[in-house]
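Trainee: Here is a sequence with its predicted model. Questions after.
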Amino acid sequence: MQMLGPYIAPLTFSVPPPSQQRRFVDEMSAKMIERRVRKKENGKKKKAEKRQRKQGKQGNDPINEGDTSDTNSDSSSSTYSASGGPNQDKKIQKIETKAERKMTKVNAEDAAKIDKHRAKKIEKREQDLERRADKDAKKATEKVQKASVKNERRSDKRRRKEEENIASMEFLVIENLGSE
């Protein structure tokens, strides 16, 4: 123990904080990490803004003026407005506002014709929207089917390749056993 005496130091709990490494590589890696973090944050911000814009487009459409007025409007337009609400299709809103403007300027007979014409246009637009929704649903179904077929093909190819590898390994093993 006496020989080790010069190498023994007293134990203390007052330890200075670790010094930061000042090597060039360490600084570069710290900057790279910082950049990555900033990039991820910017990506998250952009996605959030995009999501808000989409929600804004869906929810911030102005409510049709014809819905609140007590002018000559039939039950079909009011029922559609109730179902559509503030998220109505812009083209339908445009049709209704145009019809309301025309109805204020004409007599009762012409107003009925305008109202009938407006109902036809709205019905046509609703059919177009339904057709488009059906088409989108069909495309989505086809896409899912194609993806499943593609995955099936990939798994078959992978399985065949594994079988080939197994077959070649058996051949190699047999050849090695036979040569010994």
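Mentor: All right, it came through fine. Numbers count the residues shown, from 1 in each chain.

Trainee: where does the residue nearest the centre of the chain fall, helix, sheet strand or coil?
Mentor: Centroid-nearest residue in the chain, with C-alpha atoms, centre = their mean: Arg51, separated by 7.9 Å. Secondary structure, DSSP: H, G, I helix; E, B strand; the rest coil: Arg51 is helix.

Trainee: Leu11 too?
Mentor: Assigned with three-state DSSP, Leu11 falls in the coil class.

Trainee: Look up how far Leu4 lies from it.
Mentor: 15 Å (C-beta to C-beta, to the nearest Å). For the C-beta atoms, the positions are set from N, CA and C on the backbone; glycine is no exception.

Trainee: Which elements pack onto the longest helix along the chain?
Mentor: When the chain is parsed with DSSP state H, its longest helix is helix 108-179. Judged by 3 or more C-beta pairs under 8 Å, 6 or more residues apart in numbering; DSSP states H and E, helix 108-179 is in contact with helix 75-84, helix 90-105.

Trainee: Out of those, which gets the lowest mean score?
Mentor: For the helices and strands packed on helix 108-179, mean pLDDT drops lowest on helix 75-84, to a mean of 42.

Trainee: got the contact list for Arg131?
Mentor: Shown in contact with Arg131 (C-beta atoms under 8 Å, 6 or more residues apart in numbering): no residues.

Trainee: Local confidence estimate at it?
Mentor: 92.

Trainee: quick one: the longest helix of the chain to chain centroid distance?
Mentor: 18 Å (C-alpha atoms, centre = their mean, to the nearest Å).

Trainee: now the angle from it to helix 90-105?
Mentor: Taking axes from the mean of the first three to the mean of the last three C-alpha atoms, to 10 degrees, one finds helix 108-179 and helix 90-105 inclined to each other by 180 degrees.

Trainee: Low-confidence stretches in this protein?
Mentor: Applying pLDDT under 70 to the chain flags the ranges 19-22, 59-88, 169-180.

Trainee: One more pass at 90, please.
Mentor: 1-33, 51-119, 121-122, 125-126, 129, 161-180 (pLDDT under 90).

Trainee: Enumerate every residue touching Arg36.
Mentor: Residues counted as contacts of Arg36 (C-beta under 8 Å, 6+ apart): none.

Trainee: which SSE is it in?
Mentor: Assigned by DSSP states H and E, Arg36 belongs to helix 24-59.

Trainee: Report the distance from that helix to the chain centre.
Mentor: Mean-position distance between helix 24-59 and its chain equals 16 Å (C-alpha atoms, centre = their mean).

Trainee: Check stretch 103-110 too.
Mentor: With C-alpha atoms, centre = their mean, you get 47 Å for stretch 103-110.
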